[in-house]
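>>> How does the following fold in three dimensions:
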Amino acid sequence: MTIINSQDLDGGVRFSEATAGDYWALLKPRVMSLVVFTAVAGIVLAPGHIHPLIGLIAVLCIAVGAGASGALNMWYDADIDAVMSRTASRPVPAGRIQPVEALAFGVTLSAFSVCILGLAVNWAAAALLAFTIFFYAVVYTMWLKRSTPQNIVIGGAAGAFPPMIGWACVTGSVSIESVVLFLITFLWTPPHFWALALFKMRDYGAAGIPMMPNVRGEASTKRQMLVYAVLTALIGICPAVLGFASTGYGIFAGLIGLGFVWYSVRVWRMPEEDRAMVPAKRLFAFSIFYLFAIFAGLMLDRLVASLIAGSMLA
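Coordinates of the predicted model:
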């Protein structure tokens with residue numbers, strides 16, 4: 001399917017063609033999948049009950065909100081995306097979608113997702129979703145990303161809110177448990193993204209983005225990555241310590257947390273003259289597995305606990 005868009009340009013009418021796939025790419029589907037997964041975890045882990053249909057609407061709204069954030073990010077970052085090899089083929093810098101179209105798409109989806117979540121689920125969750133979209137599109141994309149090497153550290157909060165939003169969809173509130181779910185992703189983000197930044201230093205340097213390796217150097221970045229990896233491993237076992245996950249989950253989280261730290265140690269020991277950056281690439285890949293495994297483990301643990309409780313009542 002092809003979508004035809006037109007806009008007045010220099011006194012004339014310019015027609016541009018964009019496929020449905022281009023608009024889908026605007027939503028950053030890979031990022032969206034992670035957002036949806038962690039949001040579902042928040043819904044599953046929250047105490048109480050949510051009707052399956054309402055739960056489905058909640059997940060869809062969170063997914064659309066995440067996609068809206070991606071579209072707004074691509075609209076604003078079109079200039080630097082055009083310079084970087086991994087982003088130059090995105091719809092806006094490649095010219096398949098006009099910037100004003102991406103902006104309108106993102107704003108429309110933002111308003112739609114927040115309003116539907118508020119009307120169908122609750123306004124506490126909708127407020128958190130609205131704040132998340134604002135934080136990613138404005139605080140991170142428009143301010144932090146181009147102004148400080150701490151962009152990922154602070155901006156990582158945007159990607160850490162989804163499980164908290166999912167929790168709020170069920171409970172209408174925020175609790176210490178949902179804060180722990182937030183912190184897992186928040187602390188995980190720096191070593192995950194700085195691993196990418198290490199083997200994409202030239203791209204970020206060409207685009208003028210002050211990523212940590214470009215500004216503070218590889219050695220400082222690798223030390224900080226190791227610290228954050230240790231903190232991530234520790235917060236990963238906190239659900240068991242606080243009692244909203246089992247000891248079995250705690251052992252599992254501890255083991256894969258050790259794996260995360262081990263890969264970070266290999267990056268820390270990586271020589272600066274190593275341009276292949278194999279340890280950094282392996283850490284980046286493992287970090288994605290780690291986050292999915294942690295939240296999958298939490299949901300499986302809750303399912304097992306519910307089955308055991310059900311059998312005892314039968």
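>>> gap between stretch 103-116 and the chain center?
Remark: stretch 103-116 is offset 18 Å from the chain centroid, using Cα atoms, centre = their mean, to the nearest Å.
>>> try stretch 159-172
Relative to its parent chain, stretch 159-172 has a centroid offset of 14 Å by Cα atoms, centre = their mean.
>>> wouldn't residue 206 be in contact with residue 82 here?
No. Shown here, residue 206 and residue 82 do not form a contact pair, counting by Cβ atoms under 8 Å, at 10.5 Å. Yep, even glycine has a C-beta here, placed from its N, CA and C like the rest.
>>> Just after the helix or strand that contains residue 113, pick out the following helix or strand.
Residue 113 is part of helix 99-120 when elements are defined by DSSP states H and E. Downstream of helix 99-120, the next assigned helix or strand under DSSP H and E is helix 123-134.
>>> the inter-axis angle of that next one versus helix 99-120?
160 degrees (axes from the mean of the first three to the mean of the last three Cα atoms, to 10 degrees).
>>> Can you list the buried residues in helix 123-134?
124-126, 128-133 (16 or more other Cβ atoms under 10 Å).
>>> same thing with stretch 226-246?
Buried residues in stretch 226-246 (16+ other Cβ under 10 Å): 226, 228-240, 244-246.
>>> now do stretch 56-66
For stretch 56-66, using 16+ other Cβ under 10 Å, the buried residues are 57-59, 61-66.
>>> got the residues you listed as TSV, with secondary structure columns?
Formatted as TSV, the buried residues of stretch 56-66 follow (DSSP: H, G, I helix; E, B strand; the rest coil):
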residue	secondary structure
57	helix
58	helix
59	helix
61	helix
62	helix
63	helix
64	helix
65	helix
66	helix
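>>> returning to that earlier point: want to throw the buried residues of helix 123-134 into JSON lines with distance to residue 201 and pLDDT?
Formatted as JSON lines, those follow (distance: Cβ to Cβ, whole Å; pLDDT from 0 to 100):
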{"residue": "124", "distance to residue 201": "41", "pLDDT": "97"}
{"residue": "125", "distance to residue 201": "39", "pLDDT": "98"}
{"residue": "126", "distance to residue 201": "39", "pLDDT": "98"}
{"residue": "128", "distance to residue 201": "34", "pLDDT": "98"}
{"residue": "129", "distance to residue 201": "34", "pLDDT": "98"}
{"residue": "130", "distance to residue 201": "35", "pLDDT": "98"}
{"residue": "131", "distance to residue 201": "32", "pLDDT": "98"}
{"residue": "132", "distance to residue 201": "29", "pLDDT": "97"}
{"residue": "133", "distance to residue 201": "30", "pLDDT": "97"}
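>>> Among the residues you listed, find me the one that's closest to residue 166.
Nearest to residue 166 among these, counting by Cβ to Cβ, is residue 125 at 8.0 Å.
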